[in-house]
Each structure stands twice: as C-alpha cells, then as structure tokens.
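Participant: sequence? don't have it. structure:
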C-alpha cells in the first residue's frame, strides 16, 4: 500500500520568508504525487501534481515541489511567503481503491501554515 | 473557482431526518467521489463512481447511500445519522477515475447532526 508522511503538523514563517513543507512517500511503483491546499472553511484546491515528466514541478500561487526518488521526498516550497498563503496543506499519493480499479487519493495528515506579518 | 458544485453549503439535521447532499460537475469527467473530512483531519474516501461502477469504502455505514443519476450528478442520501457524522462532505471528480488521474474537489457541504 502506498502512503505519505508529512513532517510537522504546524509550520510558522514570517511574511517574505521561505516556505518549506515536507512530504515523504512510500510506494513500490513510480508514484503520482499531489499537493493540495485548503483555506479555512473551503474545499481542497490542487496546487501541483507530479507525473514523472519532470522532477521539478511548478504549481499555482508561486509554489513548486521537487521529486527526489533517492530521498522518497516531494517537498513543497515557495521563495517568499504571503499572508494569503496561510492554510492547511495536504500531500497525497494516488492509489487504487481496495478491491477495485478506480483511483483514490491517500492523504498525509496535513500541515497548517501560519504566516506572521 | 471550482467546477464541482455542491449544495447545500450548510445542513443541520436531526437524527431521524432524511436529507440529501447534491453535487454536479461540468468538466465531462466520468468519475465522481464523496469524501468525508472531520476537523483537523485529512479527507477519507467514502464512495467512488467510475463509468457508473460503484466502489464503496467498506467502513462507511449504510445510513449513507450514494446515487449517481448520470456522469455529471452525484447525490449522497442521509438517513438516521448520528452526531459523530457531523463533518465536511466533499464531492470530487476526475477524468476517468483511474489511478493517477487528478481529482478536483468542490467547496464542500458542512453537515451538523443534532
């Protein structure tokens, strides 16, 4: 079974500082990896997706993530944090539903990002 | 803006009520999902329809009943719920439902069971 682990349930940065949210995956096959963001009282919005086409993936809102097979990592970064980046961030890996052929997302526990003025 | 639309946004229901959550997508996707998300937890899959084939998370109680009238619409029928069922219910869709397809989420329906 595939899984993801997010290190740090809460990360706090100052506005303008580097954002680094950590995600490690466990997969016996090349994974499909995702980062989603959830703003307060909203649904999940796709930030970016890794599909093996390129190890450095650029997403929306200035975020990017680098796939490192040797480290089984897919960390999310942004060079300069903005107040509007404050949200919950979920790393996820695609897997098949048990007993079926449909795809499903297996989420990490999430990391709450706080941005201080 | 999400292209997966959920109604209602908020629902309060008693334990003896029957209600439904509705979801619609206009992206031409052939797979639709229901996820449940409790506070400070990640979403968990409840059901997925892909090309009209249903897969059920075996841990979901029978008081939740999905219905997929066509590939654009997805309902979740609720009956005899318990207070612990209070949560955010997220509808989602993907192009074909295969592993690796991107899953797009709606804004969610907040359910409170009293």
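Facilitator: Now that the structure is in, tell me what you want to look at. Predicted model only: the values in this text are computed from it and were never measured.
Participant: the helix or strand bottoming out on mean pLDDT in chain A: partners in the sheet, and parallel or antiparallel?
Facilitator: When each helix and strand of chain A is scored by mean pLDDT, DSSP states H and E, strand A:103-107 comes last, with a mean of 90. Strands adjacent to strand A:103-107 in the sheet, as given by DSSP bridges, are strand A:87-96 (antiparallel).
Participant: would you mind listing what in chain B touches chain A?
Facilitator: B:2, B:4, B:6, B:31, B:33, B:40-43, B:45, B:48, B:50, B:53, B:55, B:57-58, B:90, B:94, B:97-108, B:110 (CB under 8 Å from any CB of the partner chain). Backbone N, C-alpha and C define where each C-beta goes, glycine included.
Participant: touching stretch A:79-92 from outside, list them.
Facilitator: Outside stretch A:79-92, the residues within contact range by CB atoms under 8 Å, 6 or more residues apart in numbering or on different chains are A:4, A:6, A:13-19, A:21, A:23, A:25, A:33-40, A:44, A:47, A:61-62, A:74, A:76, A:78, A:105-108, A:110-115, A:117, B:42-43.
Participant: out of these, list just those in strands.
Facilitator: Secondary structure from DSSP state E places A:4, A:6, A:13-14, A:19, A:21, A:23, A:25, A:33-38, A:44, A:47, A:74, A:76, A:78, A:105-107, A:111-115 of the contacts of stretch A:79-92 in strands.
Participant: now the buried members of those.
Facilitator: Neighbour-count burial (16 or more other CB atoms under 10 Å in any protein chain shown) is assigned, among the ones in strands among the contacts of stretch A:79-92, to A:4, A:6, A:13, A:19, A:21, A:23, A:25, A:33-38, A:44, A:47, A:74, A:76, A:78, A:105-107, A:111-113, A:115.
Participant: middle-most residue in chain B, spatially?
Facilitator: Note on chain B: the residue nearest the mean C-alpha position is residue B:34, at 2.7 Å, using CA atoms, centre = their mean.
Participant: wait, what's in contact with the residue of chain A most remote from its centre?
Facilitator: Ranked by distance from the centre of chain A (CA atoms, centre = their mean), the top residue is residue A:99, with 26.5 Å. For residue A:99, the set of contacting residues under the criterion of CB under 8 Å, 6+ apart consists of residue B:55.
Participant: and it, how far from residue A:57?
Facilitator: In this structure, residue A:99 and residue A:57 are 31 Å apart, going by CB to CB, to the nearest Å.
Participant: same question for residue A:41.
Facilitator: For residue A:41, the distance to residue A:57 equals 28 Å [CB to CB].
Participant: ok now the lowest-mean-pLDDT helix or strand in chain B, how far from the chain's centre?
Facilitator: Lowest on mean pLDDT, DSSP H and E among the helices and strands of chain B sits strand B:53-56, with a mean of 82. Taking the mean C-alpha point of strand B:53-56 and that of its whole chain, the gap between them comes to 13 Å (CA atoms, centre = their mean, to the nearest Å).
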